[in-house]
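Asker: Next one to model:
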Amino acid sequence: KLRQSLPDADFRPVDLSRLSEARAIYSDPYSFNYLIAHQVAEYLLCRKLPLQKLALPPCRQERFGRIMLDGAHNASGILTLLKGLEGRGELPEVAIISMTAERDIERFCGLFAQKIPHILTTVIPHNPRSVSMDTLAKLPYKSFDSPSKALAYAEKTFSGRILVAGSLYLCALLRQKLVK
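Answerer: I've put the predicted structure just below:
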């Protein structure tokens, strides 16, 4: 039976008692998002549901072997991603980062660099909002004029996990290459 009286719904805080179970399925921030969605579904269906792994949208902690794509592109998202990966013992060896020009790439790369030993930067091709190579050249990280070159370098140079982050544009572009 589906709840029919949503305008009269009583709103309650999220029950975090199953957060550890949700974290066993997804890293943060997706564990929180999943738990909220799960509780909304239980409310609407008027019954308890088991916690189960569902597919996340593309570029949200999406894995291709040792490569992970995650569109984390703000301080909160970056810190939550890193904390979740660290908690699972899955911090990458290298991160490939790009952002749109209005973002503070220097600051955000610094956040990644607190937990990840090697940072590579790149532009987002064919995107007029991309950070420029001139901006990247001023940063203390190895820069590439194409995401494909950055990924090839990371795969050849490092044996550990590779994180691609900072922009859903970047992740989507490299995802096309990785899906093939």
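Asker: And the helices in this structure, which stretches?
Answerer: For the chain, the helices defined by DSSP state H cover 19-25, 30-45, 75-87, 105-113, 133-137, 147-157, 168-179.
Asker: What number of residues are in the vicinity of the closest residue to Lys83 other than its chain neighbours?
Answerer: Nearest non-adjacent residue to Lys83, counting by Cβ to Cβ, 6 or more residues apart in numbering: Asp28, 6.3 Å away. No exception for glycine: its C-beta is placed from N, CA and C like everyone else's. Under the neighbour criterion other Cβ atoms under 10 Å, Asp28 is assigned a count of 20.
Asker: re earlier: next, format the helices of the chain as JSON lines and append mean pLDDT.
Answerer: Output for the helices of the chain, formatted as JSON lines (pLDDT from 0 to 100):
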{"stretch": "helix 19-25", "mean pLDDT": "89"}
{"stretch": "helix 30-45", "mean pLDDT": "89"}
{"stretch": "helix 75-87", "mean pLDDT": "91"}
{"stretch": "helix 105-113", "mean pLDDT": "97"}
{"stretch": "helix 133-137", "mean pLDDT": "97"}
{"stretch": "helix 147-157", "mean pLDDT": "98"}
{"stretch": "helix 168-179", "mean pLDDT": "96"}
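Asker: Next one: the residue nearest to Lys83 from Thr157, what distance?
Answerer: 29 Å (Cβ to Cβ, to the nearest Å).
Asker: One more: Pro50?
Answerer: For Pro50, the distance to Thr157 - Cβ to Cβ - is 43 Å.
Asker: Same question for Leu19.
Answerer: Computed as Cβ to Cβ, the Leu19 to Thr157 distance reads 38 Å.
Asker: When these two are compared, which one has more neighbours?
Answerer: Leu19 (15 against 12).
Asker: Relative to Phe32, how far out is that one?
Answerer: Distance from Leu19 to Phe32, by Cβ to Cβ: 7 Å.
Asker: again, but for Asp104
Answerer: From Asp104 to Phe32 the distance is 25 Å (Cβ to Cβ).
Asker: Looking at the two, which has the bigger crowd around it?
Answerer: Phe32 (16 against 12).
Asker: next one: phi and psi at the closest residue in space to Leu82 that isn't next to it in sequence?
Answerer: Take Leu82 and drop its neighbours on the chain: the residue closest to it by Cβ to Cβ, 6+ apart is Lys115, 4.7 Å away. Main-chain dihedrals, Lys115, degrees, to the nearest 10: phi -120, psi -20.
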